[in-house]
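In: predicted model follows, preceded by the sequence.
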Amino acid sequence: MPTAVAVAFRFFRMEVTRVTPLGPSLVRVTFGGPELTDIASGGRDQSVSLFLPQPGARDPLVPVEAGEDWWHAWRALPETERAVMRTYTVRAQRRTPDGGTEIDIDLALHGAGADAQGPSTAGPAARWAARAVPGDRVLLYGPTVEDNRAVKFRPPHGTDLVVLWADETALPAAGAILESLPPGVRARAWLEVRHPDDRQALATDAEITWLVAAEGAPDGLTAIRSAVWPGARAPYAWIAGEAGAVKELRRHLVGERGLDRRSVTFTGYWRRGLSEDRMRAEGAGAE
């Protein structure tokens, strides 16, 4: 596989076209817009940055005119005015009947959905997702070439078993990965969700174990530690979700299972007790 391109990202203006609930904890937001004809998602766990408007604002405030220095210009804006930035996975990209392009992004509701425990439990992105309607405008910082470094799922040649673990925040990426696997690829996935209705029908032949917290299921580490992988000589693992859980799973896979470190792709999508803003500022991710 050729080396992925490092710099292949730009801003895209887009708006909500559909909102589809996926369960108590997730909602699928479909976006469209003329600029999306130039987007080139690499599929799998393709990550992008989504910029959402502040409450009461029509458009997200991002100084795109600053060019390559947009990040510093955005950070310099007052926190109450600048757009809310969050990292998500492109769950799907497709052409529309009129020749345009639309993308799906699945957003975790984090206390703004059926499991809400009060308004203080939901962050700004979850609140936006819970209230999103067609016509809402956002900005996306995404890829213009498919083979870009924001796609992390890259099994080495000769892999004979793909192992996945994801919590609900990484479920969109895990779902996209599983549905991208060629026929005949052996894969086992452990997917942690809160509610029975958060389970999704995925178009894959992989063996999936749903770990539903409300049903008393064990956590991913316990489930994977007790699993048997018969005949796997060259497994490859992709694990993503809460950073502390990712760290423990990686330690098990490398230290106890003996996987080559290069055969474990791991990403902390969030960290318990930290917002994404603080996690980014403190470098608290597991990757």
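Out: Sure thing, it's come through.

In: quick one: the strands in this protein?
Out: 9-21, 26-32, 47-52, 84-95, 101-108, 137-143, 161-166, 187-193, 207-212, 235-242, 264-270 (DSSP state E).

In: CSV please, covering these and showing mean pLDDT, mean neighbour count and distance to Gln200.
Out: Every C-beta, even on glycine, is put in place using the N, C-alpha and C of the backbone. Below are the strands of the chain laid out as CSV (pLDDT from 0 to 100; neighbours: other Cβ atoms under 10 Å; distance: least, Cβ to Cβ, whole Å):
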stretch, mean pLDDT, mean neighbour count, distance to Gln200
strand 9-21, 97, 16, 12
strand 26-32, 97, 21, 8
strand 47-52, 98, 21, 20
strand 84-95, 97, 20, 11
strand 101-108, 97, 23, 9
strand 137-143, 98, 22, 23
strand 161-166, 98, 25, 12
strand 187-193, 98, 23, 9
strand 207-212, 98, 16, 9
strand 235-242, 98, 25, 16
strand 264-270, 96, 21, 17
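
In: Thr209 touches Ser226, doesn't it?
Out: No: the pair Thr209 / Ser226 is not scored as a contact, 10.9 Å apart, by Cβ atoms under 8 Å.

In: what about the stretch 151-287 of the chain, any weak spots by pLDDT?
Out: 273-287 (pLDDT under 70).

In: so where do the helices sit in the stretch 101-250 of the chain?
Out: Using DSSP state H, counting those that start in this stretch, the helices found in the stretch 101-250 of the chain span residues 124-131, 171-180, 220-225, 243-251.

In: out of those, deepest packed?
Out: helix 171-180 (a mean of 24; mean count of other Cβ atoms under 10 Å).

In: what angle do that helix and strand 161-166 make?
Out: Here the directions of helix 171-180 and strand 161-166 differ by 160 degrees (axes from the mean of the first three to the mean of the last three Cα atoms, to 10 degrees).

In: coming back round to it: reformat the helices of the stretch 101-250 of the chain as TSV; add distance to Leu77.
Out: Converted to TSV, the helices of the stretch 101-250 of the chain look like this (distance: least, Cβ to Cβ, whole Å):
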stretch	distance to Leu77
helix 124-131	15
helix 171-180	29
helix 220-225	38
helix 243-251	27
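
In: of all those, which lies closest to Leu22?
Out: helix 171-180 (8.9 Å; Cβ to Cβ).

In: now for the closest one, which elements pack on it?
Out: In terms of contacts (3 or more Cβ pairs under 8 Å, 6 or more residues apart in numbering; DSSP states H and E), helix 171-180 is packed against strand 84-95, strand 101-108, strand 161-166, strand 187-193, strand 235-242.

In: just grab the bridge partners of the closest residue in space to Val185 that isn't next to it in sequence for me.
Out: Nearest residue to Val185, sequence neighbours excluded (Cβ to Cβ, 6 or more residues apart in numbering): Val162, at 6.3 Å. On the basis of DSSP bridges, Val162 is bridged to Ala187, Tyr236.

In: isn't Val162 right up against Ser180?
Out: No: if you go by Cβ under 8 Å, Val162 and Ser180 don't touch, sitting 10.6 Å apart.

In: domain map for the chain?
Out: 9-143, 161-282 (automatic domain parsing).

In: now the helices and strands packed on helix 171-180 in TSV, with distance to Leu140?
Out: Output for the helices and strands packed on helix 171-180, formatted as TSV (distance: least, Cβ to Cβ, whole Å):
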stretch	distance to Leu140
strand 84-95	9
strand 101-108	8
strand 161-166	22
strand 187-193	26
strand 235-242	20
